[in-house]
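[1] The following comprises the amino acid sequence and a computationally predicted model.
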Amino acid sequence: MRRGLWGLSAFLLVVGCNSGRPPGGDGGNDTPDDNDNVGGVATCDVGGVELVLPDIDASLVAGGAPDLSCIGDPREVGAAIEVIVEGCIDVFGVGNDAKSGTEVDVFPDDADPTTATPIASGVVAVRNQASGLDCEGADANAPACRALDCGSKGFYRLEATVPTHEPLIMAVRHPTDTTVIDTYLYSHVFFNEQVVEGVVNYEAPMIFRSTWDSIPTLGGRQIDGGQNVTDNDGRAVIAGEIHDCNDTIIEGAAVGLPAADSRTSVAYFDGDPDDPKPDLRRITTANDGLYVLLNVTTDAGANEHDVSAGIREPGCTGDDCTCQSAGVRTVRAFPDSVTIVTFRGDFPVIQ
């Protein structure tokens, strides 16, 4: 399982939890009290979003403070190049083997991936499709042969190039198999330094219906409308990690949504690398950087979300502290789906 998104156990456990904090204030009462609190909870503003004020100073696992110098002053990078993206499928949660025929599509970051035409697409091949191929010789680079080296037994390759240094959306969906939950990876940037002979290797996420159906079983926190994933009617999950400008995980960061209601909640984790669990006492990320926003709205006109992340102003104490932005990401959430977005500072700027 690769790092950089969210852990297998983490996803299973948190979506099953019956509680969690409203993402910014109390989700139902957004009127500040005399102490500039919302619902009696100390808050701070990041990008116009009221976050629950972090109760600890942000830090890095190796020590020291996060580098957020790129917020408002983004990294400058060279010209974009066109690359092929390929890699194993990374199965999250319940289920081990990738599904053949799953489609991996890439879109510009401002597109609606449910209606737009992708700039590049690929189809997942699985290892049992390697029968009859010369995987030790002429067919060694065929996707089905490459799947032999994947833990999930699945491999994809985009059939057209995509640009580096630009934020992109990757959608992982199956056109007919409803056991594969639609998953949208937002705001992902490929960098030139990742390119080897014109190719970027990237593991694409896949989530199965068995994981989605575990939500009520594991604790009673159902996603509204999530019992039927074929009717295009229901709420969603947004999840990911918070990193600094050096792509290092931040402990002590908070996230929030401007349009959250009382049925939407946020949760963080306990930082256990071997068995991560949600820690409902936490109001910030642990040393795994993980967050999850549960039961997010997907209604027309209410499915675009500005997810904000922030840390307590360094050195400040008490409930009157301000917050320093760790970034804002605009994403969409779709019925009965998972949106993944990881913060890594402001997007790079091409020189």
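    Received the coordinates, thanks. Numbers count the residues shown, from 1 in each chain.
[2] Ser187 versus the residue nearest to Thr342 when sequence neighbours are not counted, what's the distance?
    Closest residue in space to Thr342, ignoring its immediate chain neighbours: Gly240 at 4.2 Å, by Cβ to Cβ, 6 or more residues apart in numbering. Where you see a C-beta, it was placed from the backbone N, CA and C, and this is true even at glycine. Between Gly240 and Ser187 the distance, using Cβ to Cβ, to the nearest Å, works out to 9 Å.
[3] So between these two, which is more surrounded?
    Counting neighbours by other Cβ atoms under 10 Å for Gly240 and for Ser187 shows that Gly240 has the greater number, 26 against 20.
[4] My reading is that the more buried one lies in a strand. Confirm?
    Yes - the assignment for Gly240 (DSSP: H, G, I helix; E, B strand; the rest coil) places it in a strand.
[5] what are the bridge partners for it, then?
    Residues found in beta-bridge contact with Gly240 (criterion: DSSP bridges) are Tyr291.
[6] Likewise for Val46?
    With DSSP bridges as the criterion, Val46 is bridged to Val49.
[7] For Phe347, see how far away it is.
    Plainly put, Val46 is 17 Å away from Phe347 if you go by Cβ to Cβ.
[8] hang on, the earlier thing: got any residues that touch both of Gly240 and Ser187?
    With contacts defined as Cβ atoms under 8 Å, 6 or more residues apart in numbering, the residues adjacent to both Gly240 and Ser187 are 341-342.
[9] about what we covered before: for Val46 and Phe347, indicate the residue with more neighbours.
    Remark: of Val46 and Phe347, Val46 carries more neighbours, 23 against 18, as counted by other Cβ under 10 Å.
[10] who touches the more buried one in this structure?
    Taking Cβ under 8 Å, 6+ apart as the criterion, Val46 is in contact with 256, 308-310, 323-326, 328.
[11] what about this protein, any weak spots by pLDDT?
    Flagging of the chain using pLDDT under 70 yields the residue ranges 1-22, 24-40, 93-95, 212, 214-223, 225-231.
[12] Strands of the stretch 101-250 of the chain, residue ranges please.
    Counting by DSSP state E, counting those that start in this stretch, residue ranges of the strands within the stretch 101-250 of the chain are 103-108, 120-123, 125-126, 154-157, 162-163, 168-173, 180-181, 183-188, 199-201, 204-208, 236-241, 250-251.
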